[in-house]
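**Student:** predicted model and sequence below, questions to follow.
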Amino acid sequence: MILVVDFGGQYNQLIARRIRDLNVYCEVVPYSKALEAIKEKKPSGIVFTGGPNSVYEEGAPSIEKEIFELGIPILGLCYGMQLMSHVLGGEVKASTEREFGKTVLNISDNKIFDGIEQDSTVWMSHVDKVVELPKGFKTIAKTDNTENAAIANDEKKLYGFQFHPEVNHSEFGTEMLKNFVVNVVGEKQDWTMANYKTTLISSIREKVGDGKVLLALSGGVDSSVAAALLSEAVGENLTCILVDHGLMRKNEALEVEEAFKDSGMNFIRVDAEERFLKRLEGVTDPEDKRKAIGEEFIRVFEDEGKKIGSVDFLAQGTIYPDIIESGLGDAAVIKSHHNVGGLPSVVDFKDIVEPLRMLFKDEVRQLGRELGLKDYLVNRQPFPGPGLGIRVIGEVTKEKLDLLRDADAIFREEIAKAGLDSDINQYFAVLTNNRTVGVMGDFRTYDYTLALRAVKTTDFMTADWSRIPYEVLDKVSVRIVNEVKHINRIVYDITSKPPATIEWE
């Protein structure tokens, strides 16, 4: 495996994603636990990520020098390269000419650049640079503004890139990562989802034993795949509970029940709408809503678990982006996911089982196919754990939820009719808390503004807004305003991620 050591940069999980695309398994650990993780996991190679700090500042993230003496190949990216240089005796200074964006890289002959054109485009994002190399290192690439754009100590298999090979803007970035992982480290590119499925089932059985498992089944991709995986691992010891919290899309609870009630799993549907709405009364802050919904989820499961009898484990469909956005190491908390940051500190179970926590969304879909799940479940659009609770801006009420359900159903229906559903990875409606003046017939209205959101993405860590044809947007707008009461204005969100997140809250 490859271990990615996180120093808090914005592209850290993208590095892991690119390495897994090479059929090589990797995991991400915070720098503060790097040495411990290296000794425990024994990786064949290590990648240091970028980060927002300057290595020469007091309190900047650092790493033990011992890591460089273990004989493990290391690739440092951006801050990672600067830190490597700093720790090993080189010098890093603030650059008089900062470099951001696409830059032409001029490379020297080195195995980490095998098959790469001498002048290629890479993505730079730095304000500091290495001005003096550590002993044993040499320069292997430069740009017009950066003399040491890439460095190497071939004897010790230590390499550094000042640029970001993991982003799409770096022309041969994937090839560079492959050269490190395969040519330098010697990985065999034999990690597949079929093999990983076997590993997951084995690890679940080892952890759970004969214990009873309770799974939160929402019917979304993540929980559906988790259900199929756990069912194969523990069989009848699994009970799946669908909490109908009143925050689902139109007819969704019924659809989920129909899909799973005859699956052979123990399946229970709990009507908890009134309970959740009461819990959300007066709550308007997005983080507070997420945490309130997460806590109420746990309490419902505790109550249902007591009805079932002895339950040892709570299972959840937590995936890697959930973990990342809820904060890893020194990375910023973007938003608490109900099944990560939103959990209460005390739960009435022995432990929590999260078999998908190391997988990205498209990997979860691959696993679902390996498990034999039907396409309509595997390809279903992502739906947040807090449901429509975070697609209603401000206080959540039954009236607002019903308005949003109807409007969202129209949007999804028209996207499908236009044949755009295969081109857009996620699309939904958001009921804002803004009311605006409108006119219908000869009457003045003062009603809600509805926002439409649609994005294209491969990993849900970054996303671009979808260019839906105007005629489709027009049809959606006309239908919603005519068919859904109390909505008199439709707007379309044209913000990518970053700077926005996919969800509004």
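**Tutor:** Received, thanks. What you see is a predicted model, and the numbers here were worked out from it, not measured in a lab.
**Student:** going forward, measure contacts and count neighbours with C-alpha atoms only.
**Tutor:** Noted.
**Student:** in space, what's closest to residue 480 - neighbours in sequence excluded?
**Tutor:** Spatial nearest neighbour of residue 480, excluding adjacent residues (C-alpha to C-alpha, 6 or more residues apart in numbering): residue 407 at 5.7 Å.
**Student:** cool, residue 34 as well?
**Tutor:** residue 5 (6.4 Å).
**Student:** doesn't that neighbour fall inside a strand?
**Tutor:** Yes. Counting by DSSP: H, G, I helix; E, B strand; the rest coil, residue 5 is part of a strand.
**Student:** I figured it hits residue 47, correct?
**Tutor:** Yes. Counting by C-alpha atoms under 8 Å, residue 5 touches residue 47, with 6.1 Å between them.
**Student:** pull out the buried residues from the helix or strand hosting residue 267.
**Tutor:** Using DSSP states H and E, residue 267 sits in strand 266-271. For strand 266-271, the neighbour count (16 or more other C-alpha atoms under 10 Å) marks 266-269 as buried.
**Student:** give me the low-pLDDT residue ranges for the stretch 251-400 of the chain?
**Tutor:** Residue ranges of the stretch 251-400 of the chain with pLDDT under 70: 324-348.
**Student:** so where do the strands sit in it?
**Tutor:** For the stretch 251-400 of the chain, the strands defined by DSSP state E, counting those that start in this stretch occupy 266-271, 313-315, 351-353.
**Student:** contacting residues around residue 269?
**Tutor:** Residues near residue 269 by C-alpha atoms under 8 Å, 6 or more residues apart in numbering: 241-244, 257.
**Student:** can you check residue 60 too?
**Tutor:** 53-54.
**Student:** report the separation between it and residue 380.
**Tutor:** 42 Å (C-alpha to C-alpha, to the nearest Å).
**Student:** please apply the same query to residue 120.
**Tutor:** From residue 120 across to residue 380, the span is 38 Å (C-alpha to C-alpha).
**Student:** centroid-nearest residue for this protein?
**Tutor:** Centroid check for the chain by C-alpha atoms, centre = their mean gives residue 321 as the closest residue, at 2.0 Å.
**Student:** pretty sure it contacts residue 362?
**Tutor:** No. Taking contacts as C-alpha under 8 Å, residue 321 lies outside contact range of residue 362: 11.2 Å.
**Student:** residues touching stretch 489-505, excluding its own?
**Tutor:** 286-287, 335, 390-391, 393, 430, 436, 438, 447-455, 460-466, 477, 481.
**Student:** run the chain-centre distance for that stretch.
**Tutor:** The chain centre lies 17 Å from the centre of stretch 489-505; the measure is C-alpha atoms, centre = their mean, to the nearest Å.
**Student:** list the buried ones in that stretch?
**Tutor:** Judged by neighbour count using 16+ other C-alpha under 10 Å, the buried positions of stretch 489-505 are 489-490, 495-497, 501-503, 505.
**Student:** ok, stretch 443-457 next?
**Tutor:** Residues of stretch 443-457 classed as buried under the neighbour-count rule (16+ other C-alpha under 10 Å) are 445, 447-457.
**Student:** with secondary structure and pLDDT added, can I get those in CSV?
**Tutor:** As requested, the buried residues of stretch 443-457 are arranged in CSV below (DSSP: H, G, I helix; E, B strand; the rest coil; pLDDT from 0 to 100):
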residue, secondary structure, pLDDT
445, strand, 85
447, strand, 91
448, strand, 95
449, strand, 96
450, strand, 97
451, strand, 97
452, strand, 98
453, strand, 97
454, strand, 96
455, strand, 95
456, strand, 92
457, coil, 86
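**Student:** closest one of those residues to residue 237?
**Tutor:** residue 457 (36.4 Å; C-alpha to C-alpha).
**Student:** the closest one: what's it in contact with?
**Tutor:** 425, 463-464.
**Student:** quick one: which of these is most hemmed in?
**Tutor:** The residue in these with the most neighbours, by other C-alpha atoms under 10 Å, is residue 463 (22 neighbours).
**Student:** secondary structure element holding the closest residue to residue 437 other than its chain neighbours?
**Tutor:** Among residues not flanking residue 437 along the chain, residue 446 sits closest, at 4.5 Å (C-alpha to C-alpha, 6+ apart). Element membership of residue 446 [criterion: DSSP H and E] is strand 443-456.
**Student:** tell me where the stretch 51-200 of the chain has strands.
**Tutor:** Here the stretch 51-200 of the chain has its strands, by DSSP E, counting those that start in this stretch, at 74-77, 91-107, 119-132, 138-142, 150-153, 158-161.
**Student:** rank these by pLDDT, which is bottom?
**Tutor:** Per-stretch mean pLDDT for these is lowest at strand 91-107 (a mean of 81).
**Student:** using CSV, write out the CA atom coordinates for stretch 420-430.
**Tutor:** Taking Å, rounded to 0.1, in the frame of the first residue of the first chain, the C-alpha atoms of stretch 420-430 are listed here in CSV:
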residue,chain,number,x,y,z
LEU,A,420,-29.8,14.4,-19.2
ASP,A,421,-29.8,12.1,-16.2
SER,A,422,-26.9,10.1,-17.5
ASP,A,423,-24.7,13.2,-18.0
ILE,A,424,-25.4,14.9,-14.7
ASN,A,425,-24.0,13.2,-11.5
GLN,A,426,-26.3,15.0,-9.0
TYR,A,427,-29.3,17.3,-9.4
PHE,A,428,-31.8,18.5,-6.9
ALA,A,429,-33.9,21.5,-5.6
VAL,A,430,-33.3,23.7,-2.6
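**Student:** how many other residues sit next to the spatially closest residue to residue 181 that is not a sequence neighbour?
**Tutor:** Once flanking residues are discounted, residue 181 sits nearest to residue 187: 6.0 Å by C-alpha to C-alpha, 6+ apart. When neighbours are defined as other C-alpha under 10 Å, residue 187 has 20 of them.
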